[in-house]
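1. Predicted model, plus sequence, below.
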Amino acid sequence: MEELSISINNIWVLVATFLVMFMQPGFAMVEAGFTRSKNTANILTKNLVDFSVGAILFWIIGYTIMYGESIAGLIGTPSLFINDNGIGDYANKTDLMFQTVFAATAATIVSGAVAERTKFNAYIIFTIVITVLIYPISGHWKWGGGWLDQLGFLDFAGSTIVHSVGAWVGLAGAIMLGPRHGKYVKGKAKAIPGHNLAFGALGVFILWFGWFGFNPGSQLGAAGTENTLAIAHIALTTNLAAAGGAMAALFTSWMRYKRPALSLALNGALAGLVAITAGCDIVSPGGALIIGIIAGIILVFSVELFDQVFKVDDPVGAISVHGVNGAFGTLAVGLFATEGGLFYGGGASLLLSQLIGVAAVFAWAFGTGLILFKIIKSTIGLRVSRRIEEEGLDVYEHGENAYN
Amino acid sequence: MEELSISINNIWVLVATFLVMFMQPGFAMVEAGFTRSKNTANILTKNLVDFSVGAILFWIIGYTIMYGESIAGLIGTPSLFINDNGIGDYANKTDLMFQTVFAATAATIVSGAVAERTKFNAYIIFTIVITVLIYPISGHWKWGGGWLDQLGFLDFAGSTIVHSVGAWVGLAGAIMLGPRHGKYVKGKAKAIPGHNLAFGALGVFILWFGWFGFNPGSQLGAAGTENTLAIAHIALTTNLAAAGGAMAALFTSWMRYKRPALSLALNGALAGLVAITAGCDIVSPGGALIIGIIAGIILVFSVELFDQVFKVDDPVGAISVHGVNGAFGTLAVGLFATEGGLFYGGGASLLLSQLIGVAAVFAWAFGTGLILFKIIKSTIGLRVSRRIEEEGLDVYEHGENAYN
Amino acid sequence: MEELSISINNIWVLVATFLVMFMQPGFAMVEAGFTRSKNTANILTKNLVDFSVGAILFWIIGYTIMYGESIAGLIGTPSLFINDNGIGDYANKTDLMFQTVFAATAATIVSGAVAERTKFNAYIIFTIVITVLIYPISGHWKWGGGWLDQLGFLDFAGSTIVHSVGAWVGLAGAIMLGPRHGKYVKGKAKAIPGHNLAFGALGVFILWFGWFGFNPGSQLGAAGTENTLAIAHIALTTNLAAAGGAMAALFTSWMRYKRPALSLALNGALAGLVAITAGCDIVSPGGALIIGIIAGIILVFSVELFDQVFKVDDPVGAISVHGVNGAFGTLAVGLFATEGGLFYGGGASLLLSQLIGVAAVFAWAFGTGLILFKIIKSTIGLRVSRRIEEEGLDVYEHGENAYN
Amino acid sequence: MKKIEAIIRKTKFDEVNEALHDAGIEFYSFWDVRGVGQAREGRVYRGIVYDTSTIERIKLSIIVRDKNVEKTVNAILESSRTGEIGDGKIFIIPIEESYRIRTGETGDESLYIKGKEE
Amino acid sequence: MKKIEAIIRKTKFDEVNEALHDAGIEFYSFWDVRGVGQAREGRVYRGIVYDTSTIERIKLSIIVRDKNVEKTVNAILESSRTGEIGDGKIFIIPIEESYRIRTGETGDESLYIKGKEE
Amino acid sequence: MKKIEAIIRKTKFDEVNEALHDAGIEFYSFWDVRGVGQAREGRVYRGIVYDTSTIERIKLSIIVRDKNVEKTVNAILESSRTGEIGDGKIFIIPIEESYRIRTGETGDESLYIKGKEE
Ligand SMILES: Nc1ncnc2c1ncn2[C@@H]1O[C@H](COP(=O)(O)OP(=O)(O)O)[C@@H](O)[C@H]1O
Ligand SMILES: Nc1ncnc2c1ncn2[C@@H]1O[C@H](COP(=O)(O)OP(=O)(O)O)[C@@H](O)[C@H]1O
Ligand SMILES: Nc1ncnc2c1ncn2[C@@H]1O[C@H](COP(=O)(O)OP(=O)(O)O)[C@@H](O)[C@H]1O
């Protein structure tokens, strides 16, 4: 490839990397805002830890487990401490960076679902396992050229491979932990409002911004007509789905609960973003908008379902946003893909691959998650004591309050 | 044009698009910070709504009303649901995205001026009208190649076409709504301090950052010597004007009110940015600094004028920042343009075109704004009840508090 | 150079400029969050002022003092109001912008060290002196091709030239000011916790993001294989050092104070970033990680040392983050540089140059800082009265509270 | 000496403050409280209805000499009434002693400024 | 009339609120306070140990008619106890007079709603 | 039993806290209030002068046995004085009864820890 084309691709992927890295404060603000002020320092520390741990360990080994030469389509051949000055369509180190910030995204999703009750040392341990094992292995199945890829499973930027993985591990964690004290009283769900929706809104806008690195960046190139058209198209579908998700969740909450709820509209925007991530390259703008709208509607009902029926306590709605809508978005590719989608006369075969992929990744992430949390629970323990939970993790786990 | 040049332009305009999109949390933080905490969820929801509505409707129809083939120089030929894979200097979909985030900027300016007392359903309705009618029509006059453009009216990135439009509609809204309860007691203006100036400052810095997409991005290209020089020049003039505006407002408030006021210095930075937007490409760095300084001075007096003399209650200063300084900046082009400006021996003809443009857009935006708000007022109603206003829109309109 | 290469470089450096400019709200949030709420408006105003003053004065004269033709390797030949449409590897005005945001970074570091007790008018004066004299002169020694550069001193993106300069001036200021009232009671250091660690965390993430402009941007080019490899490498080393710094500070505080402290982990991330800034281009990824880890450990001990032993009251830890770790990172180049570093068989000569550079810049910045603050102290006064300090600078100096 | 505790609407604070000043009551403290009372407003957080009765209020605590009790109560009553449910309450509590920290003065003396007393 | 001041754990607020409602006590105010008491937790800020004894608490202020004092105290006692150090305190303070701002009613009348009184 | 209410400068809190501990007073609650008094500072928001008299203060609420009233008052008086306008006030209010929630103890007993009583 021509030298300048490589330079252009390289700039594009690096800028996208920076934008995806910037999703970290987005997650931090959303998770801090949607939980109580007595646990703010704790959740912020967790976000700092998972990004840092991810940055270090994905470089040390995670990257090669995901992208190393495939062993039977199941796992990459690990090698340590890569320092590779090669160049493909862009610098190999740029690829390492881009993949690193994706890995950190998967890990950080978990912290929302298990917020306000998890021991800090336990958190560090499972973040490590997610970063070096759970995420890169299922990641390998698709993006490392593994068996899901060969099956024809499509997941452009990671509705399933990134978002659902994080959320299903989080689901396992939330189940193993049990709900926060006071969340269910006499079998009835109680509201535990987040302490700062302004942080929540700021976080969602930051994430929306960062998603323009996540999706258009996943084209992995910007030089040439094809890339030019693709990244413009992806930016458009991404934005339409986010907007559709926000509005759909707003109006659904309005009709269902009589009030247009900011907290659900914010989650709705994220739901739209997660859902479009799998198919942002191959659905039409109209398809993207519809996917976003459906995602926003699903979000409201899913939050209610997990919260009030399944009684899984997920303070920030991570399971509904990233898990349920990650799965929905991945399946939607089988319906809305302009080439191969059911609604475009492509038959059900793509939909079937998508279903297999969604199910396999669910089984993997949820299964290993359960095992992981079980082991931690029966060794160092997973949950803080009741007193610590009641008085706040900030003081007891960190000795610092967020607000003074 | 050469393929790689197109790729370069495309990257540039897309990155600029992302930066302009990121101005949304900037506006959200400024507007939330400058108002009271009981209305924070409301104003954040409004910001989410206007960006989402803008994203969807500008794609559905707004874009073609603005840029469709001109009908008598007055309005573009509308067509629905564009899905255009063409390429000019960059991808057509990139252009759609860039224009969309501009449209959303215009709409979001209104929410600040009408904050803390507007019914949420009314807000949604007028946001829609602004996005699909008011903004794209006057936008067409200039950027769609309409009559103002043919007149020689200059407005590089939209001091008038974007900022003033939003502000004049906001002025109409603020007048039709009347002031917040308690704002004027026995004819005297009372201070209603914003609840969080840290949010205000964060928002202004975000906006400043985003403006580097707004202005340099409006060059709509980065490939080739001409573009290279232009975007560097524009970045410089933009930055100097912002800095000049901030300092001028700070010192003006210091001399006038004995104290260097953060809230006015923040507004001053925005005033400088708005003012330079029209001429950032054709004024010198020194000219830019002077424009910024004048904008900052105007800002302080304008806020006082609207607040204490005209008694128009504009909680965040949107009218002074975007309206008055948008007009000033547009006129300043007629004075400071190094080619054609009065101060550079270009005579008064450019200044006259600028004046016509400013006046025409004022008449259009303020006029249609008045009609729009009048219709809403006499149908579903524009303003919340006194009790809701006093206890806070968050609880009554949304059922959620921002802070818990 | 080929026209498109120039365009590519130009985009890269401009985007980097925007990212570095965005570090301003990062600093603002960190400094506001780590201090008390009664001084929040004051510290935010200071941040706005130093960036604005920097933007204006570096254009008027600072840039040429730093980069003008060298006078005996000590200072550049000043010239006023540059408006230079030349192009080198990229537009000259792009270079002006890039250097301007660096200058503003140096200036803003000071405000953290002297927070919560400095008179606002004194602050404005020393910010001006830093921007037009202290920073550009020592900057000239290295980046302007002055004597340090000729000596072989290496400082890629400014561990010493930017960060240490700011911190050593801050150290002089903190010493001349004396500690805040209540900081030392009967000779014992008291904790004065910051009022909002969520702002602190947001600020650090923003800074981390902005650092991807600071370091990879300092390559000053992106076109061609060499640049492509370099910026990818730099992004990687930067990220690893930041992550290493955060984790090292977290665990060090955990072992030393029994609790994993968020406030120190946040500082640790910044310490890693500052430390890697000098050598990000010529250390290996592994070297970067080690540098980051050492920086994080140093940070904790340095904070304790200055706070409890030297009794220098530095509310946000600026001296330890930017000064001590800037010096450490610069020296580490002499050890870890893959070409010329002691650990890579390069002998001690590079290390010696580094030592001379670190010492010379310390002497310059700390010395001129002391003189500067001494002059201010004995003329208009440096410190607010006890009453103002106790009741808060916001009300007395600005007449505005940040929170209402 | 009596302590007058008043719980009023946040939005009425400025008016009450002015009425108190007009009545010559220039010393008191206040803070934000949440009130449980007849005034209620439903809240919904993520689909769960909750917290149907707490409303933001301001609490004033004013220590006055016996002779000033009546005018203080009247000033508050008149300036804080809207007539709608949720206007709040005023309570009178006995005070046994009072000190001015600055001067150490006690009793009635600690409650007014010598020379300025009307 | 008496004023019942209770200082309870923040986490017990919902239970106490319910217990009070069950006991027919539907009017009161509350706010956040910090308590200094036996319950302590060390804090470390940047290496400096500090503030070993203040804990977040909620303070309730309930003015009731004399006949309701006992059941109010009991409702709080039962619902707010955990048995661990730091459960808090209840204090009873005499009230001399009470006014309902909305209607101007005074005395006991101002404390209940006519017609709804049990 | 008495309730001692003190309104002090925020900046004096640490000193007062220490003085109280030295005097053996280890149980109390406090919260932020805003004070209206003689100490005033002009504020200007966007050109409008306002709010010339409210200042942040801390309010302490300490319930003590009768015999401890004096030393508590003295501890506060001495540690919170600056001599400048705005130092604050101390008020003494009668308390009729007190309960320790954890144990149900009442009266004086609820105010000290058995065995640790000096
Ligand atoms: N018995 C009480 N004890 C303490 N606070 C009370 C009491 N009764 C009312 N309040 C306070 O007064 C506020 C207004 O009372 P509410 O019953 O809603 O209206 P109204 O007094 O107009 O009937 C309540 O929100 C609460 O804060
Ligand atoms: N004498 C007192 N005056 C005011 N508040 C008190 C007093 N004693 C206790 N408190 C409040 O009650 C809280 C709990 O008291 P504590 O002594 O910790 O536990 P316990 O009552 O279970 O022995 C304290 O944090 C403080 O807020
Ligand atoms: N009568 C009062 N009732 C309640 N609070 C009071 C009263 N008098 C003073 N205070 C509180 O004490 C603070 C200090 O009082 P101030 O009159 O300013 O100073 P000084 O007591 O030194 O004359 C006030 O801000 C207010 O919070």
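-> Sure, I can see it. Ligands and ions are numbered 1, 2, ... in the order given.
2. Mind pulling the model confidence for residue A:116?
-> Residue A:116 carries a pLDDT value of 95.
3. residues contacting it?
-> A:35-36, A:39, A:42-43, A:180, A:315, A:389, A:393 (CB atoms under 8 Å, 6 or more residues apart in numbering or on different chains). Quick note: C-beta positions are derived from backbone N, CA and C, even for glycine.
4. Can you tell me, leaving aside adjacent residues, what's nearest to it?
-> With sequence-adjacent residues excluded and distances taken as CB to CB, 6 or more residues apart in numbering or on different chains, residue A:116 is closest to residue A:39, at 4.8 Å.
5. Next, the contact list for the residue lying farthest from the centre of chain D, please.
-> Centroid-distance maximum for chain D: residue D:47 at 36.3 Å, with CA atoms, centre = their mean. Counting by CB under 8 Å, 6+ apart, residue D:47 touches A:253, A:256-257, A:264, A:300, A:303-304, A:307-308.
6. Contact partners for residue 76?
-> Because you didn't say which chain, this covers chain A. Each residue near residue A:76 by CB under 8 Å, 6+ apart is listed here: A:64-70, A:136, A:140, A:144.
7. ah, I was thinking of chain D
-> D:4, D:6, D:8, D:16, D:19-20, D:60, D:90, E:101.
8. could you redo the last one with a cut-off of 6 Å?
-> Contact analysis of residue D:76 by CB atoms under 6 Å, 6 or more residues apart in numbering or on different chains lists D:6, D:16, D:90.
9. The last one: helix or strand, and which one exactly?
-> Read that as residue D:90. strand D:89-94 (DSSP states H and E).
10. pLDDT averaged over the helix or strand just after that strand, what's the number?
-> Per DSSP H and E, strand D:89-94 leads on to strand D:97-100 as the next helix or strand towards the C-terminus. For strand D:97-100, mean pLDDT rounds to 89.
11. Are there helices or strands packed against strand D:97-100, and which ones?
-> The contact analysis (3 or more CB pairs under 6 Å, 6 or more residues apart in numbering or on different chains; DSSP states H and E) places strand D:97-100 against strand F:89-94.
12. Is chain D within reach of the strand it packs on?
-> Yes - using CB under 6 Å from any CB of the partner chain, a contact is recorded between strand F:89-94 and chain D, made by F:90-94.
13. Can you lay out the residues you listed as TSV showing pLDDT?
-> Below are the residues of strand F:89-94 next to chain D laid out as TSV (pLDDT from 0 to 100):
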residue	pLDDT
F:90	92
F:91	91
F:92	91
F:93	90
F:94	89
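14. out of those, which is most surrounded?
-> residue F:90 (24 neighbours; other CB atoms under 10 Å in any protein chain shown).
15. For that one, which non-adjacent residue is closest in space?
-> The spatial neighbour of residue F:90 that comes closest, neighbours along the chain excluded (CB to CB, 6+ apart), is residue D:99 at 4.2 Å.
16. Beta-bridge partners for that neighbour, please?
-> residue D:106, residue F:90 (DSSP bridges).
17. Distance check, it against residue B:139.
-> Counting by CB to CB, to the nearest Å, the separation of residue D:99 from residue B:139 is 69 Å.
18. same check, this time on residue A:130
-> The value you get for residue A:130 to residue B:139, if CB to CB is used, is 48 Å.
19. what about residue D:99 and residue B:139, which has more around it?
-> Ranked by neighbour count (other CB under 10 Å), residue D:99 and residue B:139 place residue B:139 first, with 29 against 23.
20. Spatially nearest residue to that one, not counting backbone neighbours?
-> residue B:66 (4.6 Å).
21. For the chain, which residues score under the pLDDT cut-off?
-> I went with chain A, as the question did not name one. Counting by pLDDT under 70, chain A has low-confidence residues at A:1.
22. think we crossed wires, I meant chain D
-> If you take pLDDT under 70 as the line, chain D has these spans: D:38-42, D:51-54, D:114-118.
23. Any residues of it in contact with chain F? List them.
-> D:27-31, D:63, D:95-99, D:101-102.
24. Neighbour-wise, which one of those leads?
-> Ranking those using other CB under 10 Å puts residue D:101 first, with 27 neighbours.
25. Now do the contacts for that residue.
-> F:77, F:80-81, F:87-88.
26. Counting neighbours, which of the residues you listed comes out on top?
-> The most neighbours of any of those, using other CB under 10 Å, belong to residue F:88, which has 27 neighbours.
27. For the nearest residue to that one once chain neighbours are set aside, give its distance to residue F:36.
-> Distance criterion CB to CB, 6+ apart; nearest residue to residue F:88, sequence neighbours excluded, is residue F:7 at 4.2 Å. Distance, residue F:7 to residue F:36, by CB to CB: 11 Å.
28. just residue A:371 next, same as before
-> For residue A:371, the distance to residue F:36 - CB to CB - is 62 Å.
29. Which one's more surrounded, the two?
-> residue F:36 (22 against 12).
30. Wait, the more buried one touches residue D:25, no?
-> No - judged on CB atoms under 6 Å, residue F:36 makes no contact with residue D:25 at a distance of 8.9 Å.
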